[in-house]
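S.K.: Generate coordinates for the sequence data below:
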Amino acid sequence: MLQARVERIAQAVADEEFRAKGGKGVTHPYRYQLLLLTVRGKRSGRDITIPLAYRMDGDRYVVAATKGGSPTHPDWYHNLVAHPDVTVEVGSETFRARATPIARGPERDRLYEEHSRQMPGFGDYPKKTKRVIPVVLLERV
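M.R.: Presented below is the predicted three-dimensional model:
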């Protein structure tokens with residue numbers, strides 16, 4: 001319970017910093033580019049904003065539901081599976097997007113491998129868990 005409260009506070013600070021700086025100069029602890037993903041809560045129906053490291057695949061934004069390699073998917077992943085219409089903030093731009101989860105298969109493998117190649121810390125997460133870490137594509141609508 002305390003851990004969840006600490007995470008919410010840290011997330012709020014990260015969101016505020018991201019918006020105050022127009023997304024510029026705000027990075028993941030490993031220096032990855034960040035976006036803000038706003039999803040609707042599966043049960044609460046409230047909007048929830050999460051900072052995530054991303055990379056591009058053509059004109060699609062790619063994020064990975066790693067949760068640091070924990071045995072369960074992050075809550076935001078379950079939320080966007082239930083409500084795939086999301087809002088993305090990158091830099092000073094905000095736009096609506098459609099989230100497409102890719103949980104398994106060759107496309108997921110290709111996307112996660114490239115994610116790990118561009119952001120090496122992501123290569124460690126699969127070693128920490130037995131689950132297959134899903135990849136999510138975010139495409140403008």
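
S.K.: how about residue 54, what does it touch?
M.R.: Neighbouring residues of residue 54 by CB atoms under 8 Å, 6 or more residues apart in numbering: 32-35, 61-63, 90, 138. Yep, even glycine has a C-beta here, placed from its N, CA and C like the rest.

S.K.: which residues does the residue lying closest to residue 100 once chain neighbours are set aside contact?
M.R.: Among residues not flanking residue 100 along the chain, residue 137 sits closest, at 4.5 Å (CB to CB, 6 or more residues apart in numbering). Residue 137 makes contact with 57, 60-62, 99-100, 102, 111 under the criterion CB under 8 Å, 6+ apart.

S.K.: Using neighbour counts, trim those to the buried set.
M.R.: 60-62, 99, 102, 111 (16 or more other CB atoms under 10 Å).

S.K.: quick one on the thing from earlier: right, and out of the contacts of residue 54, which lies closest to residue 115?
M.R.: residue 62 (6.2 Å; CB to CB).
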